[in-house]
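*Asks:* need coordinates for the following:
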Amino acid sequence: MKSHYKFGVIFLLTVMALFGSQAFSQETTGSISGSVMDQSGAVIPDVTITVTNQETSQKYTTLTGELGSYMALELRPGRVL
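*Replies:* Numbering: from 1, shown residues only. Prediction:
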């Protein structure tokens, strides 16, 4: 019984050592998502979306998909347009 307990403790400590630091990491990026529709509510595919960080002037460009949706991922913190 003691050998099973010892193995369990060693296994748990190993897992914590390997993956524990990831649990305390912080996200340093954000994302914006949405849909583009016309006045009648119909989705508009293939629209270019540009997100601009006002402080750095860094631009992120993406296209809307078939359903008019877009996602701008891994954006740096800051005020965006």
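*Asks:* Met16 in helix, strand or coil?
*Replies:* helix (DSSP: H, G, I helix; E, B strand; the rest coil).
*Asks:* ok, now which ones touch Thr64?
*Replies:* By C-beta atoms under 8 Å, 6 or more residues apart in numbering, the contact set of Thr64 is 35-36, 43-47, 49, 70. C-beta here means a position set from N, CA and C on the backbone, and glycine is covered the same way.
*Asks:* do the same with Thr28
*Replies:* Neighbours of Thr28 in contact, by C-beta under 8 Å, 6+ apart: 76-77.
*Asks:* tell me the secondary structure of it, please.
*Replies:* Using three-state DSSP, the structure places Thr28 in coil.
*Asks:* and for Val9?
*Replies:* Secondary structure assignment for Val9 (three-state DSSP): helix.
*Asks:* isn't Gly68 up against Asp46?
*Replies:* No: Gly68 is beyond contact range of Asp46, at 9.3 Å (criterion: C-beta atoms under 8 Å).
*Asks:* okay, these two: which has more neighbours?
*Replies:* Gly68 (17 against 10; other C-beta atoms under 10 Å).
*Asks:* state the pLDDT value of the nearest residue to that one once chain neighbours are set aside.
*Replies:* Nearest residue to Gly68, sequence neighbours excluded (C-beta to C-beta, 6 or more residues apart in numbering): Val43, at 2.9 Å. Val43 carries a pLDDT value of 92.
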